[in-house]
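**Q** got a sequence here, can you model it:
(2 chains)
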Amino acid sequence: MNGPVGSPELTGFKAVAKRFGQVNFSTSYAKDAIGPDFPLAFHALQAPATCGPILIGMAKERFGFDSAMLIGPNDQGGTDATRALAQMYSDAGVEATEEYYQRGTTNFAAIAARIMNNNPTSSSSRRCRRATRPSCGSDGIAGVPAATLFGIDFGTPRLLVVVTIIVGIVAALITLAVTHRFRPEFSSIEENETLAESLGVPVWWYRAIGFVASAGVSGLAGFALVHMLATAHPSSFASFSAVNYIAYAFIGGRGTILGSMIGAGLLVTMQNLFSSQGQFSMALFGMLLIGVVMAAPGGLVEIGRRFLGALRPQPAKVTP
Amino acid sequence: MNAMTPTVAAGALSVEGLGKRFGGLKVFDDISFAVPPGGVLGVIGPNGAGKTTMINLICGMLRPTSGRVMLGDQDITGKPFHVVSRMRVVRSFQQTNTFRSASVEENLYRAQRFSAGDGPPLELDGLLEEFGLAGHLDDPSDKLPYGLQKMLGLLMVLAARPRFLLLDEPAAGLERRERTQIDRLLAHARETLDCGVLIVEHDMDLVKRLCPHIVVLESGRILAEGAPGEVLTRREVMDAYLGASED
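**A** Sure, this is the predicted structure:
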């Protein structure tokens, strides 16, 4: 008599056990773990193979879902169990898809992205609108509820604009406070990291401050965007968008809020103008970037500074 | 060679049995010496002897393969660069090294701001005037002539109010008439800060003027040490170092 054992052991045991007339008890999820081919194999517990169909039926009736994703390890035991469960969902009229991971992995970021992108509900916009389905894969998150603060509902368009402006002002103040307080450190690290460190600047600390402040301000911008659009779409946060945002800062002038605003204003306007040129739009945009970087390596704000500096009367130089 | 180790002065900056390898390449091994507080130690040697690497190891830019760096009783071996600097062991660089777009005044302000020295900013007006920098306070540092940039870099190190100053070829690139400014800088550092100085230099006249004690590095070991007048006349030093140089 063997068991109780799991799927991998049972897979190995069954053929030998049948030949020698041994009895197997298994907690296995595996399909065909028991059946007419192996009459001496029994379930030791009420495994999902037995109770699964009942539970799925009850859950379907209670929550009203019609699709499911099953995630299991990609070895023999995992695939057996996952496929058996997928079959149970299908038998109950639920559309089932499967995803597998390497057993022992601690990084589920890739599988989470696949779940978001391959969410079976994404094939139907009708399903996306259901309150019980906030995530719609590549269709994004629709029907974002209105934000509230201390019980005040920001759902009206007018109030939402006011809140967005306030969020923008708060973000600008945070940026100003951080950059003003630490400007010598940030400028020094940007310009000559080794010298800054040799004079006692803990570079990693200021990088962390910059990262945290930037991430916080970006979070506020994300909050404003999502509530303005009432949807969170992956295309708003594509990697190309990040390149654009960096380009805004470079073209306008790094290290100044005005520079980022001028850069964003110019590039967004030109992007809209170029979009009428069809397949040449990206090439035109690229040429604009190259042109501005060559003409104004320090950004448009730097050109403005130089121009204003040239207008001011120059003090007489003292020679050594 | 550990000749100086048993008589290390209290509060000295010392290296004990220091060694450094880059993979299979041994730069030096079992080097020991000390810089007493307020004292000046010269380190000389032919190019490639490991003089700059020695400064990099002391200031924390590199981690030694063996041995220790001590600041008084405190072991500072392998501490991060900025931490060693905040313990007021501050280095200069062979090449001009300033915040290029910042003005002379801003450069000096940053050096004072970043440093860990207590008390009011160091009085540097006299040196700025002497070195010809007083008339350039508002100029971006990268617009200055080479000699002024070099002196600005050295003044920035001084503005950080060090207890120990590590000078890496401070006279390199300076015209002969400008090199006496290094003497003034060191005198000011010792008068105002009672600062110990380790100076790596090829200019033998400057070394003889400034250093009562020198160490000669050659092929990863200390070839000789002592008073410069005596050491520089030794045959093996002349063969290994002075004989190989056209200066």
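
**Q** so, low pLDDT: which residues of the stretch 101-250 of chain A?
**A** A:114, A:116-139 (pLDDT under 70).

**Q** please enumerate the strands of it.
**A** A:148-149, A:152-153 (DSSP state E, counting those that start in this stretch).

**Q** adding distance to B:Leu144 and mean neighbour count, write these out as TSV.
**A** To be clear about C-beta, it is placed using only N, CA and C from the backbone, and glycine gets the same treatment. Shown next, in TSV, are those (distance: least, Cβ to Cβ, whole Å; neighbours: other Cβ atoms under 10 Å in any protein chain shown):
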stretch	distance to B:Leu144	mean neighbour count
strand A:148-149	54	9
strand A:152-153	58	10
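
**Q** tally of neighbours for residue 235?
**A** By default, I'm working from chain A. 9 (other Cβ atoms under 10 Å in any protein chain shown).

**Q** was after chain B, sorry
**A** B:Arg235, neighbours per other Cβ under 10 Å, totals 8.

**Q** how far away is it from A:Val94?
**A** 94 Å (Cβ to Cβ, to the nearest Å).

**Q** contact partners for residue 170?
**A** Let's take chain A. By Cβ atoms under 8 Å, 6 or more residues apart in numbering or on different chains, A:Val170 lies in contact with A:Leu220.

**Q** hmm, I had chain B in mind actually
**A** By Cβ under 8 Å, 6+ apart, the contact set of B:Pro170 is B:92, B:150, B:154, B:182, B:185, B:199, B:201.

**Q** tell me which of those fall in helices.
**A** Residues of the contacts of B:Pro170 located in helices (DSSP state H): B:150, B:154, B:182, B:185.

**Q** can I get those residues in JSON lines with pLDDT, distance to chain A and neighbour count?
**A** Compiled in JSON lines, these are given as follows (pLDDT from 0 to 100; distance: Cβ to the nearest Cβ, whole Å; neighbours: other Cβ atoms under 10 Å in any protein chain shown):
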{"residue": "B:Lys150", "pLDDT": "94", "distance to chain A": "13", "neighbour count": "28"}
{"residue": "B:Leu154", "pLDDT": "94", "distance to chain A": "12", "neighbour count": "25"}
{"residue": "B:Ile182", "pLDDT": "93", "distance to chain A": "17", "neighbour count": "22"}
{"residue": "B:Leu185", "pLDDT": "93", "distance to chain A": "16", "neighbour count": "23"}
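
**Q** any stretches of chain B with poor pLDDT?
**A** Ranges of chain B meeting pLDDT under 70: B:1-8, B:117-119, B:241-247.

**Q** need the helices for it, in chain order.
**A** With DSSP H as the criterion, chain B has helices at B:51-59, B:81-86, B:104-114, B:125-130, B:146-159, B:180-193, B:204-210, B:228-231, B:235-240.

**Q** hmm, who's touching the third one?
**A** In other words, helix B:104-114. Contacts for helix B:104-114 (Cβ under 8 Å, 6+ apart): A:184-185, A:188, A:196, A:199-201, B:98-99, B:102, B:121-122, B:124, B:133, B:136-139, B:141, B:144, B:152, B:155-157, B:159-161.

**Q** of all the helices of chain B, which lies closest to A:Thr106?
**A** helix B:81-86 (32.9 Å; Cβ to Cβ).

**Q** from the chain's centroid, how far away is that closest one?
**A** Chain-centre distance of helix B:81-86: 15 Å, with Cα atoms, centre = their mean, to the nearest Å.

**Q** stretch B:225-235 too?
**A** 20 Å.

**Q** now do the buried residues in it.
**A** B:225, B:228, B:231-232, B:234 (16 or more other Cβ atoms under 10 Å in any protein chain shown).

**Q** let me have those in TSV, extended by distance to A:Asn107.
**A** Shown next, in TSV, are those (distance: Cβ to Cβ, whole Å):
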residue	distance to A:Asn107
B:Glu225	56
B:Pro228	61
B:Val231	61
B:Leu232	63
B:Arg234	63
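
**Q** for the residue nearest to the spatial centre of chain B, give me its contacts.
**A** Chain B has B:Leu167 as the residue nearest its centroid, 1.9 Å off, counting by Cα atoms, centre = their mean. If you count contacts by Cβ under 8 Å, 6+ apart, B:Leu167 has them with B:91-92, B:154, B:157, B:182, B:197-201.

**Q** chain A contacts on chain B?
**A** B:59, B:61, B:80-83, B:85-86, B:90-91, B:93, B:97-102, B:106, B:109-111, B:113-116, B:132-136, B:138, B:148, B:156, B:160 (Cβ under 8 Å from any Cβ of the partner chain).

**Q** which among those residues count as buried?
**A** B:59, B:61, B:81-83, B:85-86, B:90-91, B:93, B:97-100, B:102, B:106, B:109-111, B:113-116, B:132-134, B:136, B:148, B:156, B:160.

**Q** domain parsing for chain A?
**A** Following automatic domain parsing, one gets these domains for chain A: A:2-105, A:144-234, A:238-314.

**Q** need those in CSV with distance to B:Arg209, can you?
**A** Formatted as CSV, those follow (distance: least, Cβ to Cβ, whole Å):
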stretch, distance to B:Arg209
domain A:2-105, 67
domain A:144-234, 26
domain A:238-314, 41
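
**Q** relative to B:Ile44, which of the ones you listed is closest?
**A** domain A:144-234 (22.7 Å).

**Q** first-to-last residue distance for the closest one?
**A** Start-to-end span of domain A:144-234 (Cα to Cα, to the nearest Å) is 14 Å.

**Q** quick one, longest helix in chain A?
**A** helix A:157-191.

**Q** now do it against helix B:104-114, angle only.
**A** Taking axes from the mean of the first three to the mean of the last three Cα atoms, to 10 degrees, one finds helix A:157-191 and helix B:104-114 inclined to each other by 100 degrees.

**Q** ok now helix A:157-191, how far from the chain's centre?
**A** 24 Å.

**Q** can you point out the buried residues in that helix?
**A** Counting neighbours by 16+ other Cβ under 10 Å, the buried set in helix A:157-191 is A:160, A:163-164, A:167, A:171, A:175, A:178-179, A:182, A:184-189.

**Q** distance of the nearest residue to B:Phe28 once chain neighbours are set aside from B:Leu128?
**A** Leaving aside its sequence neighbours, B:Phe28 sits nearest to B:Gly220 (Cβ to Cβ, 6 or more residues apart in numbering or on different chains; 3.8 Å). Distance of B:Gly220 to B:Leu128, given as Cβ to Cβ: 40 Å.

**Q** same question for A:Ala264.
**A** Using Cβ to Cβ, A:Ala264 is found at 42 Å from B:Leu128.

**Q** same check, this time on A:Arg158
**A** Distance, A:Arg158 to B:Leu128, using Cβ to Cβ: 59 Å.

**Q** nearest to A:Thr148, of the helices of chain B?
**A** Using Cβ to Cβ, the helices of chain B put helix B:104-114 closest to A:Thr148, at 44.1 Å.

**Q** now, of the contacts of B:Leu167, which are buried?
**A** Buried, going by 16+ other Cβ under 10 Å: B:91-92, B:154, B:157, B:182, B:197-201, out of the contacts of B:Leu167.

**Q** among those residues, which one sits closest to chain A?
**A** B:Arg91 (5.7 Å; Cβ to the nearest Cβ).

**Q** check contacts around B:Leu154.
**A** Going by Cβ under 8 Å, 6+ apart, B:Leu154 touches B:92, B:167, B:170, B:182, B:185.

**Q** mind listing what the closest residue to B:Glu169 other than its chain neighbours touches?
**A** Excluding the flanking residues, the one nearest B:Glu169 by Cβ to Cβ, 6+ apart is B:Gln94, at 4.6 Å. By Cβ under 8 Å, 6+ apart, the contact list for B:Gln94 reads B:52, B:168-169, B:172.

**Q** top of the residues you listed by neighbour count?
**A** Result: B:Asp168 is most packed of those (other Cβ under 10 Å), 22 neighbours.

**Q** what separation do you get for it and chain A?
**A** Separation of B:Asp168 from chain A (Cβ to the nearest Cβ, to the nearest Å) stands at 11 Å.
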